[in-house]
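A.B. asks: only geometry, no sequence info:
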């Protein structure tokens, strides 16, 4: 990896021999740093004193820089560099190098000490830079595989990886080194009582799932298993909230829907239940997750309708509520509009159709919410059994949607009108003649290509050139 800038400091992250993913290897060996030539320096790189006949030059075997004997006096084995005998290490590298070396010890207390102190080094920027430069990232990832470490120490490893993941320049580096696999490994083994560890771990995975270029990598490295587990089994609201938020990001990819819905953990039921939460943020993310899942097949929509009914009709409660968080209503209306495309479930969706109708009566100011309501009514209007209800709503649809200055709301209102007109043309035209015909015709005239298509259809029935009789 080339140099990166962390908090204004330009550093070069450590590289390993062979595969960058150290989670899948038994041990890693770091590539050695370039040794700085004696001729290139005249002062100690640490204390800045000038070299002379008494103050001699010494190389740090870890970073390759030149120091005086006082600043490069400690000798430490460097198995991470393939050096088993103690070698000189400078004061700048010593704190981090010492714990990376200890992580290679067969003694568990040394491994634990290494994990704790490497994470502590990440607490301030100079230490964090050294952790990245000297192989501390790879060390934490390898320590995550050690099942003999106590849960407390493994939680420390999670904390360290979370701190590192908050620095955007390191995202790809962490993923390539195996950080996602390391976090997933710890989370699948962590007891649900370790709530802070779970929140930190899932929050870190959420970062990777949010990034378009790393989401597929996160899925490949096993992010779905711990996310599904914690979405369904945690009794801690903070853990569930972050887990479902992460699940929502994963569900943006329709290729994941089958894995989510077929999970033996019965994820769909859990998400529907969480959508009834008193916590509006939990409602928001649960409904958003269901929205993404409703983009799939008719069978997937049918399963959502069934599970929602079993879970207490959370969608009906949401659409009839008056939350402070308007996004709850937006997500509920979006979900209903998506479900309304399913011909199989129209009978079971009647209460949700009524909910959209009642919502239309309110003084809606959120354009996204208005758009979802109009879209939902347009989708419901496609089906014969809904024609009477939608016809009765036409005055409101015309006044609040067809006359809207928002082009998307207007277009969905036009869809609703034409869908009802195809089933009940007489009553629909009568309603339009009272009000709305002008807006409908104006809207049609603005649809690109529609005027030409109508002209072509008319010419086919009434040609402009004919033979004489």
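C.D. replies: Nice, thanks for sending it over. This one's a predicted model, so the numbers in the text were calculated from it and none came from an experiment. Residues are numbered from 1 along each chain as shown.
A.B. asks: What pairs with the longest strand seen in the chain, parallel or antiparallel?
C.D. replies: The single longest strand within the chain, with elements called by DSSP state E, is strand 83-89. Sheet partners assigned to strand 83-89 using DSSP bridges are listed as strand 74-78 (antiparallel).
A.B. asks: quick one: whichever helix or strand comes after the longest strand of the chain to strand 83-89, angle?
C.D. replies: Using DSSP states H and E, the helix or strand that follows strand 83-89 in sequence is helix 94-102. With axes from the mean of the first three to the mean of the last three C-alpha atoms, to 10 degrees applied, the angle from helix 94-102 to strand 83-89 works out at 170 degrees.
A.B. asks: For the following helix or strand past helix 94-102, buried residues please.
C.D. replies: As assigned by DSSP H and E, the chain's next helix or strand after helix 94-102 is helix 108-121. The neighbour-count check on helix 108-121 (16 or more other C-beta atoms under 10 Å) flags 111-121 as buried. (Each C-beta comes from the backbone N, C-alpha and C, glycine too.)
A.B. asks: Run through the chain and note the low-pLDDT ranges.
C.D. replies: For the chain, the stretches with pLDDT under 70 are 1, 436-438, 440-441, 444-445.
A.B. asks: Strands of the chain, residue ranges please.
C.D. replies: 4-6, 9-11, 58-59, 66-67, 74-78, 83-89.
A.B. asks: buried set for the last one?
C.D. replies: Yep, that's strand 83-89 we're talking about. 83, 87-89.
A.B. asks: what does the second one give?
C.D. replies: Neighbour-count burial for strand 9-11, with 16+ other C-beta under 10 Å as criterion, is recorded at residue 11.
A.B. asks: Next: stretch 413-423.
C.D. replies: Neighbour-count burial for stretch 413-423 [16+ other C-beta under 10 Å]: 413-417, 419-421, 423.
A.B. asks: What is the nearest of the residues you listed to residue 296?
C.D. replies: Checking those against residue 296 by C-beta to C-beta gives residue 415 as the nearest, at 21.8 Å.
A.B. asks: my guess is that closest one contacts residue 378, does it?
C.D. replies: Yes - assessed by C-beta atoms under 8 Å, residue 415 is found in contact with residue 378 at 3.7 Å.
A.B. asks: Ends of stretch 101-109, what's the gap?
C.D. replies: End-to-end span of stretch 101-109 (C-alpha to C-alpha, to the nearest Å): 13 Å.
A.B. asks: same question, stretch 21-34
C.D. replies: First residue to last in stretch 21-34 (C-alpha to C-alpha) measures 23 Å.
A.B. asks: who's in contact with that stretch?
C.D. replies: Outside stretch 21-34, the residues that touch it by C-beta atoms under 8 Å, 6 or more residues apart in numbering are 14-19, 62-64, 80-82, 104, 134-135, 138, 141-142, 144-145, 176-179, 181-182, 185.
A.B. asks: Out of these, list just those in helices.
C.D. replies: Members of these lying in helices (criterion: DSSP state H): 134, 138, 141-142, 176-177, 179, 181-182, 185.
A.B. asks: among the strands of the chain, which is nearest residue 310?
C.D. replies: Among the strands of the chain, if distance is taken as C-beta to C-beta, the winner is strand 4-6, at 49.4 Å.
A.B. asks: What helices and strands are in contact with that closest one?
C.D. replies: Where contact means 3 or more C-beta pairs under 8 Å, 6 or more residues apart in numbering; DSSP states H and E, strand 4-6 is packed against strand 9-11, helix 125-134.
A.B. asks: Which stretch among these is buried most, on average?
C.D. replies: Compared across the helices and strands packed on strand 4-6, helix 125-134 shows the largest average neighbour count, a mean of 21 (mean count of other C-beta atoms under 10 Å).
A.B. asks: Report the inter-axis angle for that one versus helix 94-102.
C.D. replies: 40 degrees.
A.B. asks: Helices of the stretch 301-450 of the chain, start to end?
C.D. replies: Using DSSP state H, counting those that start in this stretch, the helices of the stretch 301-450 of the chain run over residues 314-319, 326-339, 350-361, 367-380, 387-396, 407-423, 425-434, 437-446, 450-461.
A.B. asks: Endpoint to endpoint, stretch 216-236 covers what distance?
C.D. replies: Stretch 216-236 has its terminal residues 28 Å apart, counting by C-alpha to C-alpha.
A.B. asks: was I right about residue 238 contacting residue 195?
C.D. replies: Yes - counting by C-beta under 8 Å, residue 195 is a contact partner of residue 238 at 6.8 Å.
A.B. asks: For residue 95, list the residues it contacts.
C.D. replies: Residue 95 is in contact with 117, 121, 127, 130, counting by C-beta under 8 Å, 6+ apart.
A.B. asks: The third one contacts residue 121, doesn't it?
C.D. replies: Yes - using C-beta under 8 Å as the test, residue 127 is close enough to residue 121 to be in contact (3.4 Å).
A.B. asks: Overlap of the contact sets of those two?
C.D. replies: 95-96.
A.B. asks: how much space between residue 421 and residue 443?
C.D. replies: 14 Å (C-beta to C-beta, to the nearest Å).
A.B. asks: correction: residue 78
C.D. replies: The value you get for residue 78 to residue 443, if C-beta to C-beta is used, is 74 Å.
A.B. asks: For stretch 29-39, measure first residue to last.
C.D. replies: The first residue of stretch 29-39 is 29 Å away from its last residue (C-alpha to C-alpha).
A.B. asks: Buried residues, that stretch. List them.
C.D. replies: By neighbour count with 16+ other C-beta under 10 Å, stretch 29-39 contains the buried residues 29-30, 32-33, 36.
A.B. asks: residues near residue 271, how many?
C.D. replies: For residue 271, the count of nearby residues is 29 (other C-beta atoms under 10 Å).
A.B. asks: what's near enough to touch it?
C.D. replies: 231, 244, 247, 286, 289-290.
A.B. asks: Tell me the one among those nearest to residue 221.
C.D. replies: Relative to residue 221, the closest of the contacts of residue 271 is residue 247; by C-beta to C-beta it sits at 16.1 Å.
A.B. asks: With residue 287 as the reference, measure out to residue 329.
C.D. replies: 9 Å.
A.B. asks: Now the common contact residues for the two.
C.D. replies: In contact with both residue 329 and residue 287: residue 318, using C-beta under 8 Å, 6+ apart.
A.B. asks: what's the neighbour count on residue 370?
C.D. replies: Neighbours around residue 370, by other C-beta under 10 Å: 23.
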